[in-house]
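In: need coordinates for the following:
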Amino acid sequence: MGQTGTPAANPFDVRKLIADIGAAVNGVVQKDLTTYEAYIQRQTQGIAHQAEWIAESFVAGMIDIGTRDFFLKQLADTTAVFAKTVAGLALITIEKVWNAVVDVLWRSINTVIGAALPLPPLPQ
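Out: This next block holds a predicted model:
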């Protein structure tokens, strides 16, 4: 701990810190969103085509009610897996954002106080 009233060798620059936090968050989010968009596009196309096939096959008499219901159950299962995967990816992004922000904050503090404080863990 530093002494009260002792000026820091490196003054704390709040404006730079705000910009650095924003850049860190944007960097993580933009990179992850690019990755997620491709996955989401592929999955939604597959789900939509499966729904189209079920509807058109039933209307055309190619499948009966039992078969339709079987494929609807598969569609529901596929959609649930998709939704859970997107939710899991979001949790990973939250952790990446946390790590990026904490890194920026602690580096800024460490620079001013001239120490290497340990990084805090992600709160549960």
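In: and the helix or strand harbouring T34, how far out from the chain middle?
Out: Secondary structure assignment for T34, by DSSP states H and E: helix 14-59. In terms of Cα atoms, centre = their mean, to the nearest Å, the centre of helix 14-59 is found 9 Å from the chain centre.
In: what's that helix packed up against?
Out: Helix 14-59 sits against helix 65-113, with contacts defined as 3 or more Cβ pairs under 8 Å, 6 or more residues apart in numbering; DSSP states H and E. C-betas here are computed from N, CA, C, even on glycine.
In: report the mean confidence score over the helix it packs on.
Out: Averaging pLDDT along helix 65-113 gives 96.
In: what helices or strands is it leaning on?
Out: Helix 65-113 packs on helix 14-59, going by 3+ Cβ pairs under 8 Å, 6+ apart.
In: tell me what angle the helix it packs on forms with helix 65-113.
Out: Angle of helix 14-59 versus helix 65-113, following axes from the mean of the first three to the mean of the last three Cα atoms, to 10 degrees, is 170 degrees.
In: contacting residues for T85?
Out: By Cβ atoms under 8 Å, 6 or more residues apart in numbering, the contact list for T85 reads 39, 43.
In: how much space between it and A100?
Out: Separation of T85 from A100 (Cβ to Cβ, to the nearest Å): 23 Å.
In: try Q74
Out: For Q74, the distance to A100 - Cβ to Cβ - is 39 Å.
In: alright, calling it a day.
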